[in-house]
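# here is my input, please return the structure:
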Amino acid sequence: MAVFPSYQSHAKAFVLGTLLALAGLGGYFWLGPSSSASESTVTVYKSPTCNCCSEWVTHMREQGFSVEVESRVNVQPVKKQVGVPSPLAACHTAVVDGYVVEGHVPAQDVKRLLRETPEVRGLSVPGMPVGSPGMERGGRREPYEVLAFTAAGDTSVFAQYGRR
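Residues are numbered from 1 along each chain as shown. The predicted model follows:
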């Protein structure tokens, strides 16, 4: 099964592959941040049957992001291709302005990432913590962290929600 079956997806794969190749050469190719969420298109790779991923897409759109959804029966090849470390994996993977957004990362943190443009590969909310965007369940909330990660796999806490 091809990871990127359509022409438009082939173009995205080429661009993403080029960015990753340049990152692997020691530098991180950067086109610069967009000035607002509405100018940044988030491409989300998710299972066609995952409701919590669809809820996260809704969250991102409500916060002003343009979102394109690429359904995949198996999202693991995309995670590997964009450099998500296994311990940071979640149910869906997104790419925006050269950054990876893994899992149920709040839109406000994605906006901050795009505004501050740190030298990281992306952000992750590992697993599926209850109370994170798309994982709201009857008002219950688990504490969780948004982790920034580098191409080398180093992590740091980008944001915290609830008590830890």
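# C-alpha only now, for contacts and for neighbours.
Will do.
# which ones are touching residue 105?
By CA atoms under 8 Å, 6 or more residues apart in numbering, the residues touching residue 105 are 123, 124, 125, 132, 133, 146.
# and it, backbone torsions?
Torsion angles at residue 105 (phi, psi; degrees, to the nearest 10) stand at phi -70, psi 130.
# quick one: secondary structure of residue 128?
Put simply, residue 128 is coil when judged by DSSP: H, G, I helix; E, B strand; the rest coil.
# what's the burial count for it?
Neighbour count of residue 128, defined by other CA atoms under 10 Å: 18.
# tell me the predicted confidence for it.
On pLDDT, residue 128 comes in at 93.
# kindly report the same for residue 151.
94.
# looking at this, it is in a helix?
No - Residue 151: not assigned to a helix; according to three-state DSSP it is coil.
# that one and residue 120 touch, don't they?
Yes - if you go by CA atoms under 8 Å, residue 151 and residue 120 touch, sitting 7.0 Å apart.
# mutual contacts of those two, please.
By CA under 8 Å, 6+ apart, no residue touches both residue 151 and residue 120.
# just the strands in the chain please.
Per DSSP state E, the chain carries strands over the ranges 41-46, 66-71, 93-96, 99-103, 122-125, 144-149, 155-161.
# which residues of the chain fall in helices?
7-24, 51-62, 76-82, 107-116 (DSSP state H).
# which residues does the residue positioned nearest the centre of the chain bridge with?
The centre of the chain sits closest to residue 101, judged by CA atoms, centre = their mean, with a distance of 1.6 Å. Applying DSSP bridges to residue 101 gives these bridge partners: residue 94, residue 123.
# in the protein, what secondary structure element scores lowest on mean pLDDT?
Lowest mean confidence among the helices and strands of the chain (mean pLDDT, DSSP states H and E): helix 7-24, at a mean of 39.
# just for this structure, where's the confidence low?
Within the chain, the segments meeting pLDDT under 70 span 1-38, 164.
# could the strands of the chain be laid out in a markdown table, adding distance to residue 112?
Conversion of these to a markdown table gives the following (distance: least, CA to CA, whole Å):
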| stretch | distance to residue 112 |
| --- | --- |
| strand 41-46 | 14 |
| strand 66-71 | 16 |
| strand 93-96 | 13 |
| strand 99-103 | 12 |
| strand 122-125 | 11 |
| strand 144-149 | 12 |
| strand 155-161 | 10 |
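# which one of these lies nearest to residue 58?
Proximity to residue 58 (CA to CA) singles out strand 66-71 among these, at 8.8 Å.
# many thanks, we can stop here.
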